[in-house]
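Participant: Any chance you could fold what I've pasted below:
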Amino acid sequence: MQNAKDIIDHAMLLPVEERVRVVDSLLRTLNAPDQEMDRAWVETATLRLAELRSGKVKPVPSSRVFARIGRRRSR
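Facilitator: Coordinates of the predicted model:
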């Protein structure tokens, strides 16, 4: 049986699409999909997109968000 390093080394030789498939498969063994959670995320994303498109909310540049986080962490 191969050890983890051998498996990783072999996986690194795969095309990116295949590596994504391997990672996704492994992650699913750690955190099983939850259809209710997925539905809630889709509902939230749909609502947020509608708010953006309607102009109800304004997008904030990521640089401003990360700067704000940095200031809060340095306090």
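
Participant: And Pro15, how far from Arg48?
Facilitator: Pro15 sits 33 Å away from Arg48, going by Cβ to Cβ, to the nearest Å. C-beta coordinates here come from the backbone N, C-alpha and C atoms, glycine included.

Participant: For these two, indicate the residue with more neighbours.
Facilitator: Ranked by neighbour count (other Cβ atoms under 10 Å), Pro15 and Arg48 place Arg48 first, with 12 against 8.

Participant: does that one belong to a helix or a strand, and which?
Facilitator: Assigned by DSSP states H and E, Arg48 belongs to helix 35-54.

Participant: can you check Pro33 too?
Facilitator: Using DSSP H and E, Pro33 sits within no helix or strand.

Participant: State the number of residues packed around it.
Facilitator: By other Cβ under 10 Å, neighbour count at Pro33 equals 8.

Participant: swap in Val22?
Facilitator: Val22 has 14 neighbouring residues, counting by other Cβ under 10 Å.
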